[in-house]
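Participant: Got a predicted structure here, sequence first:
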Amino acid sequence: GIQVEQSPPDLILQEGANSTLRCNFSDSVNNLQWFHQNPWGQLINLFYIPSGTKQNGRLSATTVATERYSLLYISSSQTTDSGVYFCAGARTGAQKLVFGQGTRLTINP
Amino acid sequence: NAGVMQNPRHLVRRRGQEARLRCSPMKGHSHVYWYRQLPEEGLKFMVYLQKENIIDESGMPKERFSAEFPKEGPSILRIQQVVRGDSAAYFCASSPQTGGMETQYFGPGTRLLVL
């Protein structure tokens, strides 16, 4: 199966800072999603982005499918952005998502 | 439009008891996936079901675990004779169609604690 590596594993920032989270895949994927798991454990869909660039408010994501990586950008961070960010992908022809280990983001006031 | 619903949200069982977790997919979704998250880890795939069919159970432990998605009613993940290592968060996701090209929408999870 595919391997998913996320970096950095931990990130501590001050409110207002910008951040970039990275996700590398060992093989081609045709389903790539980013999630935010908040401190209460809920998984929130951020982006479905197998290729290209999308933006939603202060968040944006870019996937370069040919190079097997995706980036999540968070601008003007707020304390409510704290939590763990996961990327997950499904290999072409498969349905099961393989998750990375996550990036734990802490935004201090 | 209600999202994926899971119940119970929290479940406490003693070793040897049975745990039964329920998942109702989003309206119009006929594909259900179960994932397990151990403490401080990412989610791991367990099983993928369509109505009345198990499509992929490659992530399910061979013993004590079973899943179903009947024609009527929610999907059920059943764990028999629970052990402490089964303590985890169990998430259900649903999607409208197969092919791996659709967003999977996740429920709030069931947190299972085995005493």
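Facilitator: Done, it's in.

Participant: Any residues of chain B in contact with chain A? List them.
Facilitator: Applying C-beta under 8 Å from any C-beta of the partner chain, one finds that chain B approaches chain A through B:31, B:33, B:35, B:41-45, B:48, B:55-56, B:58-59, B:89, B:91, B:93, B:95, B:98-106, B:108-109, B:111. No exception for glycine: its C-beta is placed from N, CA and C like everyone else's.

Participant: If any of the residues you listed are buried, put those into a PyMOL selection.
Facilitator: Only the buried members of the residues of chain B next to chain A enter the following PyMOL selection, criterion being 16 or more other C-beta atoms under 10 Å in any protein chain shown:
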select buried, chain B and resi 31+33+35+42+43+45+48+59+89+91+93+95+100+102+104+105+106+108+109+111
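
Participant: where along the chain do the helices fall?
Facilitator: No chain was given, so I picked chain A. Applying DSSP state H to chain A gives no helices.

Participant: How about stretch A:31-44, which residues are buried there?
Facilitator: Counting neighbours by 16+ other C-beta under 10 Å, the buried set in stretch A:31-44 is A:N31, A:L32, A:Q33, A:W34, A:F35, A:H36, A:Q37, A:L43.

Participant: Beta-bridge partners for the residue nearest to A:G1 when sequence neighbours are not counted, please?
Facilitator: If the residues on either side of it in the chain are set aside, A:G1 comes closest to A:V98, at 6.1 Å by C-beta to C-beta, 6 or more residues apart in numbering or on different chains. According to DSSP bridges, the residues that bridge with A:V98 are A:G89.

Participant: and A:V98, what pLDDT?
Facilitator: With respect to pLDDT, A:V98 scores 95.

Participant: Then B:N1?
Facilitator: Among the per-residue scores, B:N1 shows a pLDDT of 53.
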